[in-house]
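1. coords please:
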Amino acid sequence: MEEVDSLTFARWMVFNRIDPEPLQRADYRHAQLMTLLWNVNRSTESSPKAVADFLLDPWGPEMEAALDSKRAAELQKRNHKMLLAGLSQIPGVRVVINKPELLK
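-> This is a model prediction of the structure:
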């Protein structure tokens, strides 16, 4: 990998803020959808969630832990459970889990 001077790196960071990579945008859209589902269907006792609650920080400890395959599987299960919890609260929506062993 080539070295990059700090000015070039800073410019790339600004550019990425203006026009993020497609996968980052997809993650953000997914987090927005999860937030919407959670907040619309939450009980009156539970607190509302923010988009940041469903986003993984690419430099945070969760991503570092995700390098470990066991921890990555745990994070994926947690996200699936949160999604299913949100979907199951929507009136008229029936959630069918084809592989319940994946959520244990």
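2. now do the strands in this structure.
-> Counting by DSSP state E, no segments of the chain form strands.
3. pull the helix or strand with minimum mean pLDDT from this protein.
-> helix 61-66 (a mean of 64; mean pLDDT, DSSP states H and E).
4. now residue 16: how far from residue 10?
-> 11 Å (C-beta to C-beta, to the nearest Å). Quick note: C-beta positions are derived from backbone N, CA and C, even for glycine.
5. likewise for residue 99?
-> For residue 99, the distance to residue 10 - C-beta to C-beta - is 46 Å.
6. so for these two, which sits in the more crowded spot?
-> A direct count of neighbours by other C-beta atoms under 10 Å for residue 99 and residue 10 places residue 10 higher, at 11 against 6.
7. what pLDDT does the more buried one get?
-> Reading off the confidence values, residue 10 has pLDDT 80.
8. now do the contacts for it.
-> Under the criterion of C-beta atoms under 8 Å, 6 or more residues apart in numbering, residue 10 has no neighbours.
9. can you list the weak-confidence ranges in this structure?
-> Residue ranges of the chain with pLDDT under 70: 1-2, 20, 22-24, 57-72, 100, 102-104.
10. now do the helices in it.
-> Here the chain has its helices, by DSSP state H, at 6-18, 22-41, 61-66, 69-88.
11. no further questions, thank you.
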